[in-house]
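[1] Sequence first, predicted coordinates after that:
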Amino acid sequence: MNDVRTFILGLDGADWSVLEPLIKEGFLPNFSRLYNGVHGPLDSTTPPLTPPGWTSSVTGRNPGKHNIFDFFSYSGKDYDTHLTSRIDRRCRAVWNYVSSEGGRVLVMNVPHTYPPEKVNGYLVTGFGTPEWDCEYTYPPELKKRILKAHPAFKVDMPSRFLHEGDFESFVKGVNAHCQEQFEVFCEFYAELKPHFAMFCFVEMDRLFHFFWKENMTEKKGPYAELFKNHFVFLDGLLGKFLDTLPENSVVMAISDHGFGEVKKDIYVNNYLRDKGYLSVKEGMDEVSVGKVAKWKLVVASALDRIGLWNIYLKHRRAQLEKRSQIGGGGAETVRSSTALSAIDWQKTKAYFSSMSARSVRLNLKGRDAMGTVDEKDYSELIEKLAADLLDLRDENGEKIIAKVFKAREIFKGEYVGNASDLYLEPAPGYSFNQGFGEKTVMPSTQHGQPRSGDHRQYGVYMLQGKGVKEGETLDASIMDVTPTILALMGIPLSNDLDGKVLQDALKEEVPVRRYEEAPYGQMEKNTGENEEKLQERLKDLGYL
């Protein structure tokens, strides 16, 4: 390992359509310092989603190799959605490589890093950490140090403001939350003087979901200045930090995906039901299912505000454990997606399994609990289903699903079998929603509130510092981040990486050493202890 110090700045959901005008108009002088190195569009994973996107950025591998496809996974024992976490990652991250070389690392607020893992330095987990009291740091005693110096510190913003529609309270807290988190990061950076560091600002993703229309389309209303003000605030925080970096530093700013306008949601399960792929239980009104889910969120929020949510969860878990001991069905009533509870699985061939991953699963015999599709019929059915989905049209006869991908077309590696069967890309202006709607196409909403922005394929990256060219534009993949950082630090690259070193961004080509990496040992197991709370949090943010 050489003496180059590296820093990755994560900007969750950042898009050039927002960021570039602010840079060129002079509002972001410190982001401009990074932009004036090498910058360009960053091709995300398919689908462009937080867990696979960030995991691919820090591993240099596609989801078929690192095993994170979504917020959820499927066991085959039931139709529950089981939350994924850092434990499901089946390969090393960039900080693991630096640690193994003896380099000090500082990792903070990176999504999908909970629970914390051992590193040669400090790690504070990010989005995906439960809101209740839990261990979110390595070493464990680091949490006490943080709370002693910053008593109001929270890993993530309270989510109840969003699902209650109290946007004013959420907006007021965004900048204060970012500032406190980044202050902790800067304090640890000054203390540790790490060889590698990474920090993510994640709040802009949520602002984009709700206020894209006000800023990018209408350019008026109470939140029209919100995007600019938030980026200007982050720019100020960033500038103070950049001034403290040693001269031999390289900074790479990245987003996990881009953003764009959305007006309408597609309820794919409605279409699958109409086409005969899916059946609903007799006597079940599928539209009422969504109303039940919304009511559950109201109850959960009320319990949380008066401090009874944790007590309720302990009681529910005790009940469920007792039920499972007497053959009563385990944790299904808490963990299963309410929207899917209307489906008659014994008469269903395919269903829309995830709004977040935009995915469809076949109900396959031998894989799924009550599978109805024979393996010999799989190929023919998947082709027919893909063709039908591509033919889905709106009231004007326009196609509203732009592309349909088979899992093995977009993923490579030993964990492809854990992916869903089909992944959908919506036409511009469209997104997807979970479960059933009153109609197949409806105005876009997120937990009952209007939604005007959603994820897009291309995010942003900026690379600046020692040995980096200036004033150039270069396309890149999100999987190029880790190999580029490791190569700049003189750390050998595993032959298993999918990304490449961005040599064209450098003044001189850096030498790259390759080696065959041993399998990644994984001894930890998910306990499910925090799963109920995390599921409610994902519902709050609109992913369930």
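    That came through, no problem. Residues are numbered from 1 along each chain as shown.
[2] after the helix or strand that contains Ser169 comes which helix or strand?
    Ser169 is part of helix 167-192, with elements assigned from DSSP states H and E. Using DSSP H and E, the helix or strand that follows helix 167-192 in sequence is strand 196-201.
[3] list the helices and strands that following strand packs on?
    strand 5-11, helix 94-100, strand 105-110, helix 167-192 (3 or more Cβ pairs under 8 Å, 6 or more residues apart in numbering; DSSP states H and E). Heads up, the C-betas are built off the backbone N, CA and C, glycines and all.
[4] now it and helix 167-192, what's the angle there?
    170 degrees (axes from the mean of the first three to the mean of the last three Cα atoms, to 10 degrees).
[5] ok, strand 196-201: who's next to it in the sheet?
    Strand pairing for strand 196-201, using DSSP bridges, gives strand 5-11 (parallel), strand 105-110 (parallel).
[6] out of those strands, deepest packed?
    strand 105-110 (a mean of 25; mean count of other Cβ atoms under 10 Å).
[7] Off-centre distance for that one?
    Distance of strand 105-110 from its chain centroid, counting by Cα atoms, centre = their mean, to the nearest Å, is 16 Å.
[8] pull the CA atoms of that strand into PDB?
    Written as PDB, here are the backbone C-alpha positions of strand 105-110 (Å, rounded to 0.1, in the frame of the first residue of the first chain):
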ATOM      1  CA  VAL A 105     -10.300   3.200   7.800                       C
ATOM      2  CA  LEU A 106     -13.200   5.400   8.900                       C
ATOM      3  CA  VAL A 107     -16.700   4.400   7.500                       C
ATOM      4  CA  MET A 108     -19.800   6.300   8.500                       C
ATOM      5  CA  ASN A 109     -23.400   6.500   7.500                       C
ATOM      6  CA  VAL A 110     -23.000   4.200   4.500                       C
END
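[9] right, and the helix or strand after it?
    Immediately after strand 105-110, counting by DSSP H and E, sits strand 121-125.
[10] State the mean pLDDT of that following strand.
    In this model, strand 121-125 carries a mean pLDDT of 98.
[11] in its sheet, what does whichever helix or strand comes after that strand sit against?
    Later in the chain than strand 121-125, the nearest helix or strand by DSSP H and E is strand 137-138. Sheet pairing for strand 137-138, assigned by DSSP bridges, gives strand 121-125 (antiparallel).
[12] Give me the contacts around the partner strand.
    Applying Cβ atoms under 8 Å, 6 or more residues apart in numbering, the contact partners of strand 121-125 are 86, 95, 99, 104-110, 113-117, 136-139, 142, 146, 155, 184, 188, 192, 194.
[13] Buried ones only from these, please, as a PyMOL command.
    Listed next is the PyMOL selection for buried residues among these, using 16 or more other Cβ atoms under 10 Å:
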select buried, resi 86+95+99+104+105+106+107+108+109+110+113+114+115+116+117+136+137+138+142+146+155+184+188+194
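[14] quick one on the thing from earlier: could you say what helices and strands the helix holding Ser169 packs with?
    strand 105-110, strand 121-125, helix 142-149, helix 160-163, strand 196-201, helix 203-212, helix 226-242.
[15] Was I right to think Phe182 contacts Phe199?
    Yes - counting by Cβ atoms under 8 Å, Phe182 touches Phe199, with 6.9 Å between them.
[16] Just want to know which of the two has more residues nearby.
    Using other Cβ atoms under 10 Å, the more surrounded residue of Phe182 and Phe199 is Phe199, with 24 against 20.
[17] Could you point out the helix or strand that follows the lowest-mean-pLDDT helix or strand in the chain?
    The weakest-scoring helix or strand in the chain, judged by mean pLDDT, DSSP states H and E, is helix 332-335 (a mean of 26). Using DSSP H and E, the next helix or strand after helix 332-335 towards the C-terminus is strand 350-354.
[18] Check the offset of that following strand from the chain's centre.
    19 Å.
[19] Mind jotting down where the helices sit in the stretch 351-500 of the chain?
    Under the criterion DSSP state H, counting those that start in this stretch, the stretch 351-500 of the chain contains helices at 378-390, 407-410, 481-488.
[20] for the shortest one, what is the average pLDDT?
    When you say that, I think you mean helix 407-410. For helix 407-410, the per-residue pLDDT averages 96.
[21] Can you point out the buried residues in that helix?
    Under 16+ other Cβ under 10 Å, the buried positions of helix 407-410 are 407, 410.
[22] Pull up the distance across stretch 239-258, start to finish.
    End-to-end span of stretch 239-258 (Cα to Cα, to the nearest Å): 23 Å.
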